[in-house]
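Undergrad: The following block contains a protein sequence and its predicted model.
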Amino acid sequence: MAIALPDKSSIFNGLAKLPFPVRQSLLGLGYMMVPRRRATLAPLLKIALRDLPRSGRPLLPDSATALAVPDGLCGLTGRLDVQTLLEGYARGMFVHNHVGPMKWWAPEHRMVLFFEKMKIEKRARRHLRDGDFRITFDTAFADVMRACAEPRAGHTPLTWITPRLQRLFAEAHAAGHAHSVEIWRGEELVGGVYGLAVGKVFFAESQFFTVDNASKVAVAVLYRHLQHWGFAFNDSKHATRFLSDAGMIPILRDEFNALLAQHARLPGKVGRWQAEPDLLGGDWKPADAKGTHMQDLLPNGTACKFTALDLLGEHRSNTW
């Protein structure tokens, strides 16, 4: 008699029921043991041994010294506070880790959106045009972060949005630097996106949805506001098919850092954000709207040789 083995979804559902520290530790170690990531273990250990003695204070490495393996590792963050978080992002780094100490990363390629290139799906436009959702800014930041961190059906229940990171971004939100867009159906939160604003650059961190197209609506509303408010561009870190479909492209780390030097140091929009009623409809034409365009920032285009799909295929980073 054949024994039926559990399918992947059943395994993921079982893992999701484990206490968070246990689940995160087991899956985090498994994540590092994937064959293409094994070469990253020795450099990770070397960086940890270098930085751990100093980890009782904030650490801000130079993103120009980022490792090639694992792609973009700069060092440990040490005792991270909001001001150090903002400075690290302004220098081209971001915080990411599953297990162990928090780390700074600055990969060779960054996925960015120049707002005029935003692509909005017809269904998302229809939802905006018909007013199917109630849309707010900065009214449920912690709830959006928690929802982004929740295990997703059919996916490995491993998250980099750890409780420690949630506390740090909650402090950044209270200080007026981290922001969220919330999508509501009645009184139920059904989608959203959150990120960090540094000067005139927005760093999108994560998004979620429990109703189809809710996160796409949140992203479209956010980027329309950012373009209208004079932001230069949005960073979304590493390549995904969703980001590519939305119009984002990879640029090189050096190009990214040069843009940050110009725009992340400008006066930003600090404080609680509010949605502007005139910017909530489905009539946005990103290419025709006023704002900073890619031509203004990279007149000769990017020197990056790869598309987002290349970075998801044979040129995929050993980090992700």
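TA: Yep, that arrived.

Undergrad: before we move on, which element is His155 in?
TA: Counting by DSSP states H and E, no helix or strand carries His155.

Undergrad: for this structure, which spans come out with low pLDDT?
TA: Per-residue confidence for the chain (pLDDT under 70) gives these ranges: 1-13, 154, 318-320.

Undergrad: Now do the buried residues in the longest strand anywhere in it.
TA: Of all the segments assigned as strand in the chain under DSSP state E, the longest by residue count is strand 188-198. Applying a neighbour-count criterion of 16 or more other CB atoms under 10 Å, one finds 189-198 buried in strand 188-198. In short, each C-beta sits where N, CA and C put it, glycine included.

Undergrad: so what strands line up beside that strand?
TA: strand 178-185 (antiparallel), strand 201-209 (antiparallel) (DSSP bridges).

Undergrad: So which of the ones you listed is nearest Asp278?
TA: Comparing the strands paired with strand 188-198 by their distance to Asp278 (CB to CB), the top pick is strand 178-185, with 16.0 Å.

Undergrad: what does that closest one contact?
TA: Outside strand 178-185, the residues within contact range by CB atoms under 8 Å, 6 or more residues apart in numbering are 132-141, 143-145, 169-170, 172-173, 189-197, 209, 211, 214-215, 217-219, 221-222, 273, 275.

Undergrad: With distance to Ile183 added, can I get the buried residues of strand 188-198 in a markdown table?
TA: Shown next, in a markdown table, are the buried residues of strand 188-198 (distance: CB to CB, whole Å):
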| residue | distance to Ile183 |
| --- | --- |
| Leu189 | 7 |
| Val190 | 6 |
| Gly191 | 4 |
| Gly192 | 6 |
| Val193 | 9 |
| Tyr194 | 12 |
| Gly195 | 15 |
| Leu196 | 20 |
| Ala197 | 19 |
| Val198 | 24 |
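
Undergrad: ok, those residues vs Thr159, which is closest?
TA: For the buried residues of strand 188-198, with Thr159 as the reference and CB to CB as the criterion, the closest is Tyr194, at 13.7 Å.

Undergrad: and that closest one, how far is that from Asn97?
TA: Applying CB to CB, to the nearest Å, one obtains 18 Å for the distance of Tyr194 from Asn97.

Undergrad: still on that earlier bit, so which of the contacts of strand 178-185 sit within helices?
TA: In helices, defined here by DSSP state H, the members of those are 141, 143-145, 169-170, 172-173, 214-215, 217-219, 221-222.

Undergrad: Near Leu222, how many other residues are there?
TA: As a burial measure, the neighbour count of Leu222 was computed by other CB atoms under 10 Å and equals 25.

Undergrad: Show the contacting residues for it.
TA: The neighbourhood of Leu222, defined by CB under 8 Å, 6+ apart, consists of 181, 193, 202, 204.

Undergrad: and which of the residues you listed is nearest Ala258?
TA: Of all these, the one sitting nearest Ala258 is Phe202; the distance, using CB to CB, is 17.6 Å.

Undergrad: so which helix or strand takes in the nearest residue to that closest one once chain neighbours are set aside?
TA: Among residues not flanking Phe202 along the chain, Asn234 sits closest, at 4.8 Å (CB to CB, 6 or more residues apart in numbering). Assigning secondary structure by DSSP H and E places Asn234 in strand 233-235.

Undergrad: Just say which of the strands paired with strand 188-198 is most tucked in.
TA: Per-stretch averages of neighbours, counted by mean count of other CB atoms under 10 Å, single out strand 178-185 among these, with a mean of 24.
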